[in-house]
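# Pasting the sequence and the predicted model now:
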Amino acid sequence: MRVGFIQNNPVFGEIGYNLSKIEPSLSQYTVDLMVLPELFSTGYHFLNQKEALRFSEPIPEGQTTQTLIRICNKNHTSIIAGIAEQDENRSYNSAVVIGPNGYLGKYRKIHLFGTEKNCFDPGNSPLKVFDIGSARVGVMICFDWRFPETARTLALSGADLIAHPSNLVLPNCPQAIITRCLENRIFIVTANRVGTEKRTPSNSLNFIGQSQVVDPDGDILYRASETKEEIKIIEIDIGKSRNKSINSGDNLFTDRRPDLYRL
Ligand code: ACM
């Protein structure tokens, strides 16, 4: 299976421009699944709920989802991408899942980070796994990584791979994801952005790049730079994530002791 990510640097609020910039790159490659960053078509730092709502789009009717559906159809590929979702008078920090035959579903971020809490409603539906044909794929968005229950729930629900659209600002995630992969024996594809947003004089956000693909052994198959826009596609053996044994006597799933755990 061929998976990839786009590490972009969107211009805040310029949805048409940001979409037009990634479309030619997406059409150039043969890939089964491409992961795009969190809020990839709008930029990240909304100042309040009213502003988030102004740039949010209904799913799947909005411009961003419709553009991605057209791209997936034309290139026979799947895309998972973070977008600002409008649903009546609420906004969600969401990700859409699209396959070659169209829209498959969405995920609404459940662990909002910092000022996102002033702009979005938290996700309100259970974590889900999507079958895209070549793999069973779970979705988590950025700060969800910091709650190990997210990746664990997706792995226990049958995910081979987690698509992880991100706009990371804290430094720890790229290394911590290695542990998420090891403890669940899954692949994680983190698509992060680069660049800076300074929407108020006192608050400048610097996004740390380092998009990556990590395998079930915790090996970093590829990690991007901290500052440059980039596209990367690599071949993975998805079957590796379906074997939860770490040696002949130990298995990450059957050796669990849920009778003694507290959630
Ligand atoms: C984040 O969750 N965007 C840091």
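That came in fine, so what should we check first? Residues are numbered from 1 along each chain as shown.
# in the worst-scoring helix or strand of the chain on mean pLDDT, what counts as buried?
With mean pLDDT, DSSP states H and E as the measure, the helix or strand of the chain carrying the lowest mean pLDDT is helix 15-27 (a mean of 93). Across helix 15-27, burial judged by 16 or more other C-beta atoms under 10 Å covers I15, N18, L19, K21, I22, L26. C-beta here means a position set from N, CA and C on the backbone, and glycine is covered the same way.
# ok, so of the residues you listed, who is nearest the ligand?
N18 (16.8 Å; C-beta to the nearest ligand atom).
# Over to the closest residue to the closest one other than its chain neighbours. Which of the three states is it?
Of all residues not flanking N18 in the chain, P10 sits nearest, at 4.3 Å (C-beta to C-beta, 6 or more residues apart in numbering). Look at P10: counting by DSSP: H, G, I helix; E, B strand; the rest coil, its state is coil.
# Quick one: name the residues of the stretch 151-263 of the chain near the ligand.
By C-beta under 6 Å from any ligand atom, the residues of the stretch 151-263 of the chain that approach the ligand are N167, L168, V169.
# rerun at 5 Å
For the stretch 151-263 of the chain, the residues in contact with the ligand (C-beta under 5 Å from any ligand atom) are N167.
# where along the stretch 151-263 of the chain do the helices fall?
Secondary structure of the stretch 151-263 of the chain by DSSP state H, counting those that start in this stretch: the helices cover 173-184.
# Taking it, what residue is nearest to the ligand?
Across the stretch 151-263 of the chain, the shortest distance to the ligand (C-beta to the nearest ligand atom) belongs to N167, at 4.1 Å.
# right, and that residue touches F207 too?
Yes. Judged on C-beta atoms under 8 Å, N167 makes contact with F207 at a distance of 5.7 Å.
# Of those two, give the one with the bigger neighbour count.
Comparing N167 with F207 by other C-beta atoms under 10 Å, the one with more neighbours is N167, at 27 against 24.
# show me where the protein has strands.
With DSSP state E as the criterion, the chain has strands at 2-7, 33-35, 78-87, 90-99, 102-108, 129-131, 136-139, 161-165, 187-191, 194-200, 203-208, 212-214, 220-223, 230-235.
# Mind checking these for the one nearest to K117?
In terms of C-beta to C-beta, the element of the strands of the chain nearest to K117 is strand 90-99, at 10.3 Å.
# Would you mind putting the CA coordinates of the closest one into CSV?
C-alpha atoms of strand 90-99 as CSV (Å, rounded to 0.1, in the frame of the first residue of the first chain):
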residue,chain,number,x,y,z
ARG,A,90,-21.9,25.3,15.2
SER,A,91,-18.4,24.7,14.0
TYR,A,92,-16.3,21.6,14.5
ASN,A,93,-12.6,21.0,13.9
SER,A,94,-13.2,18.0,11.6
ALA,A,95,-11.5,15.6,9.2
VAL,A,96,-13.2,14.2,6.1
VAL,A,97,-12.6,10.7,4.8
ILE,A,98,-13.0,10.4,1.0
GLY,A,99,-12.4,7.4,-1.3
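# so what's the residue nearest to N18 up against?
P10 is in contact with N18, P37, L39, F40, S41, T42, G43, R193, G195, counting by C-beta atoms under 8 Å, 6 or more residues apart in numbering.
# mind checking how far it is from R2?
Applying C-beta to C-beta, to the nearest Å, the value for P10 to R2 is 24 Å.
# what does N73 give?
From N73 to R2 the distance is 18 Å (C-beta to C-beta).
# Please apply the same query to D144.
In this view, D144 and R2 are 25 Å apart by C-beta to C-beta.
# ditto for S27
From S27 across to R2, the span is 15 Å (C-beta to C-beta).
# that older thread, same list (the strands of the chain) but as JSON lines, adding distance to L252 and mean pLDDT.
Formatted as JSON lines, the strands of the chain follow (distance: least, C-beta to C-beta, whole Å; pLDDT from 0 to 100):
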{"stretch": "strand 2-7", "distance to L252": "22", "mean pLDDT": "98"}
{"stretch": "strand 33-35", "distance to L252": "24", "mean pLDDT": "98"}
{"stretch": "strand 78-87", "distance to L252": "24", "mean pLDDT": "98"}
{"stretch": "strand 90-99", "distance to L252": "26", "mean pLDDT": "98"}
{"stretch": "strand 102-108", "distance to L252": "24", "mean pLDDT": "98"}
{"stretch": "strand 129-131", "distance to L252": "17", "mean pLDDT": "98"}
{"stretch": "strand 136-139", "distance to L252": "16", "mean pLDDT": "98"}
{"stretch": "strand 161-165", "distance to L252": "15", "mean pLDDT": "99"}
{"stretch": "strand 187-191", "distance to L252": "14", "mean pLDDT": "99"}
{"stretch": "strand 194-200", "distance to L252": "34", "mean pLDDT": "97"}
{"stretch": "strand 203-208", "distance to L252": "29", "mean pLDDT": "96"}
{"stretch": "strand 212-214", "distance to L252": "16", "mean pLDDT": "98"}
{"stretch": "strand 220-223", "distance to L252": "20", "mean pLDDT": "98"}
{"stretch": "strand 230-235", "distance to L252": "24", "mean pLDDT": "97"}
